[in-house]
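J.: Test case, fold it:
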Amino acid sequence: MTEQHTAKTSRKSDDLLEKLRQISDALWDAAQKREVGRLDELLTRRENTLQEVNCLKPLNEAQRRTLLAIQAADKYVMRQLENELNVLDRRLAGVNRRKGAAAGYRNGKTAKSYVSRTG
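T.: Predicted coordinates:
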């Protein structure tokens with residue numbers, strides 16, 4: 001009886017890990033294509049699947065290694081995306097500062113000279 005239960009649990013763990021691997025592959029694909037909506041959905045599915053895996057505590061050594069490898073790959077993707085977002089945020093901040101400076105210059109005391117120089 002316990003062997004059957006252990007076999008079922010192991011099979012379910014393998015199925016969940018395979019599902020997690022597929023989600024991870026889809027995450028990489030969506031990250032490369034910059035599909036933000038799909039990334040959000042995949043991250044939610046990943047969290048739900050990880051919770052299911054954690055509920056099935058008795059993972060064998062191979063399953064644990066697989067889980068750690070998938071988590072490391074996902075963490076790498078998330079770190080890369082976070083870095084890209086930070087770069088874009090800094091660029092947008094710089095653009096907005098320049099726009100604000102130009103608008104202030106145009107609307108300031110030197111507006112006549114600005115118009116005469118730029119048309």
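J.: residues contacting the closest residue to Arg21 other than its chain neighbours?
T.: Sequence neighbours aside, Ile70 is the residue nearest to Arg21 in space, at 5.9 Å (criterion: CB to CB, 6 or more residues apart in numbering). For glycine as for every other residue, the C-beta is placed from the backbone atoms N, C-alpha and C. If you count contacts by CB atoms under 8 Å, 6 or more residues apart in numbering, Ile70 has them with Leu17, Leu20, Arg21, Ser24.
J.: Sort out which residues of whatever helix or strand the third one lives in are buried, please.
T.: It stands for Arg21. Per DSSP states H and E, Arg21 falls inside helix 2-33. For helix 2-33, burial by neighbour count (16 or more other CB atoms under 10 Å) applies to Ser13, Leu16, Leu17, Lys19, Leu20, Arg21, Ile23, Ser24, Ala26, Leu27, Ala30, Ala31.
J.: now do stretch 71-79
T.: In stretch 71-79, residues buried by neighbour count (16+ other CB under 10 Å) are Asp74, Val77.
J.: Show me the shaky parts of the chain.
T.: Along the chain, the model assigns pLDDT under 70 to residues 1-10, 57, 100-119.
J.: Dead centre of it: give me the residue that sits there.
T.: Nearest residue to the geometric centre of the chain (CA atoms, centre = their mean): Met78, 4.0 Å.
J.: What angle do helix 2-33 and the strand or helix carrying it make with each other?
T.: Following DSSP H and E, one finds Met78 within helix 61-107. Here the directions of helix 61-107 and helix 2-33 differ by 30 degrees (axes from the mean of the first three to the mean of the last three CA atoms, to 10 degrees).
J.: from the contacts of Ile70, which single one is nearest Leu56?
T.: Using CB to CB, Leu17 is the member of those that lies nearest Leu56, at 10.0 Å.
J.: ok, the closest residue to that closest one other than its chain neighbours to Leu39 distance?
T.: Spatially, and ignoring its direct neighbours in sequence, Leu17 is nearest to Thr66 (5.3 Å; CB to CB, 6+ apart). Thr66 sits 22 Å away from Leu39, going by CB to CB, to the nearest Å.
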